[in-house]
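S.K.: kindly return the folded structure for what I paste below:
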Amino acid sequence: MKPEAEGVLQVARLMAVAARTAPKTRGIDDIVVEIIEDKERLREIADKMEEIAEEKGADFFRRDAECLRKSECLVAIGVKSSGPCGLHCGMCGSDCDELEEREVDREFAGPLCGFKLIDLGIALGSAAKIANDLVVDNRLMYTVGVAVRALGLIDADVVIGIPLSATGKNIYFDREG
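M.R.: Coordinates of the predicted model:
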C-alpha cells in the first residue's frame, strides 16, 4: 500500500473518532459511523449512484460516482434516531408526540427531530475538520449517503458520505459539472 493510502486510512479513523466525540443533544449519541475502504464495495456504491442518476434524471449522482471511484476510502456518517429529544420545540414542524407517529422513507427516513439533524451536522463538521487539518481531500456528499443507505451498508435514517483522497489535484472540487 502506498504511503498516501495508509495516511488516508489513518485520517479516516481519526474522523470516526471526531464524529463519535462531537457534542450531542442531551448527551444522546445516535450517530453511526462506517469506514469503507474495500475498492469493490466503493465500486458497488458508485454503481448504485449511477443507477439513482438514471432513475432520477440527476446527472450530479453520476458525477459524484466518478469521484467516489477515484477515492481511497469513504467515511459514512449518519444518524439513527432513537426518537425525539422531548423538547417539544417544533423545529421539525411538528410536536415530539406527533413526530413518532409519522414515518416517511425515501432517500432518508423522517421526519426526524431537528436536534438529531443538528447533531449529525456537528459530527460531519468535526470529521471534515480532521481531514482538512491533516490535508486529505474530502467532500461531504449527500449523493454518496443516499446510495450507502439504499444498499443497507449503514443502519441510519440520514447518511452523508465523505470520500477521501490524496492526489496531486483535489478530485472533489477540480471537476466538471
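
S.K.: is residue 80 in contact with residue 32, as I believe?
M.R.: Yes - taking contacts as Cβ atoms under 8 Å, residue 80 lies within contact range of residue 32: 5.3 Å. For glycine as for every other residue, the C-beta is placed from the backbone atoms N, C-alpha and C.

S.K.: list residues touching both of these two?
M.R.: The overlap between the contact sets of residue 80 and residue 32 (Cβ atoms under 8 Å, 6 or more residues apart in numbering) consists of 155, 156.

S.K.: give me the beta-bridge partners of the residue most central in space within the chain?
M.R.: In the chain, the C-alpha nearest the mean C-alpha coordinate belongs to residue 160, at 1.9 Å (Cα atoms, centre = their mean). Each beta-bridge partner of residue 160 is listed here: residue 77, as defined by DSSP bridges.

S.K.: and stretch 94-114, what's buried?
M.R.: 94, 96, 99, 107, 108, 109, 110, 111, 112, 113, 114 (16 or more other Cβ atoms under 10 Å).

S.K.: excluding chain neighbours, what is closest to the first one?
M.R.: Nearest non-adjacent residue to residue 94, counting by Cβ to Cβ, 6 or more residues apart in numbering: residue 111, 6.5 Å away.

S.K.: ok, now residue 82?
M.R.: Closest residue in space to residue 82, ignoring its immediate chain neighbours: residue 30 at 5.3 Å, by Cβ to Cβ, 6+ apart.

S.K.: shaky segments in the protein?
M.R.: In the predicted model of the chain, residues 100-102, 175-177 satisfy pLDDT under 70.

S.K.: for it, just list every one of the strands.
M.R.: Secondary structure of the chain by DSSP state E: the strands cover 31-36, 73-79, 104-105, 109-110, 137-138, 158-165.

S.K.: dump these into JSON lines; add distance to residue 49 as well.
M.R.: JSON lines is the format used below for the strands of the chain (distance: least, Cβ to Cβ, whole Å):
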{"stretch": "strand 31-36", "distance to residue 49": "13"}
{"stretch": "strand 73-79", "distance to residue 49": "12"}
{"stretch": "strand 104-105", "distance to residue 49": "19"}
{"stretch": "strand 109-110", "distance to residue 49": "19"}
{"stretch": "strand 137-138", "distance to residue 49": "17"}
{"stretch": "strand 158-165", "distance to residue 49": "10"}
